[in-house]
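J.: this one's structure only:
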């Protein structure tokens with residue numbers, strides 16, 4: 001199986017407000033860039049959307065090292081989601097999980113693919129993370145085009 005590395009990022013101008021998502025996919029001999037956005041969204045929604053778009057890009061099961069600078073995504077998918085599912089998609093405070101629809105999609109993709117989840121500090125000079133950030137901002141810029 002080919003080694004795949006993915007960097008994802010979300011951005012928002014205002015929270016809520018116009019937002020964008022960016023994905024950088026690194027294959028052995030190819031680099032793929034994806035981006036998009038939404039006129040009224042939140043930063044967390046764009047972070048989740050970026051990961052979903054990245055994983056949905058592949059039609060078959062993949063083995064991937066996935067990097068996100070979002071603690072929300074990282075902690076949510078590797079830890080909190082287990083409790084949310086046991087509690088009927090409610091938080092410890094008995095409130096519905098925010099962005100539940102996106103979390104459910106990500107949960108399905110997480111179960112489909114073989115993902116090694118990694119957190120990377122945002123805006124710290126990591127070139128691939130910076131590229132994902134630039135793609136997320138491009139998603140916002142392209143909203144009015």
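T.: Now that the structure is in, tell me what you want to look at. Fair warning: this is a prediction, and the values are worked out from it, not measured in the lab. Numbers count the residues shown, from 1 in each chain.

J.: residues contacting the residue most central in space within the chain?
T.: Centroid check for the chain by Cα atoms, centre = their mean gives residue 51 as the closest residue, at 2.7 Å. Contacts for residue 51 (Cβ atoms under 8 Å, 6 or more residues apart in numbering) come out as 8, 66, 68, 73, 77, 106, 109. No exception for glycine: its C-beta is placed from N, CA and C like everyone else's.

J.: most neighbours, which of those residues?
T.: residue 8 (31 neighbours; other Cβ atoms under 10 Å).

J.: my guess is that one contacts residue 56, does it?
T.: No - in this structure, residue 8 is not within contact of residue 56 by Cβ atoms under 8 Å, at 11.9 Å.

J.: buried ones in stretch 76-87?
T.: 76, 77, 81, 84 (16 or more other Cβ atoms under 10 Å).

J.: does the last one touch residue 97 like I think?
T.: Translated: residue 84. Yes - look at residue 84 against residue 97 with Cβ under 8 Å: they come within range, at 5.0 Å.
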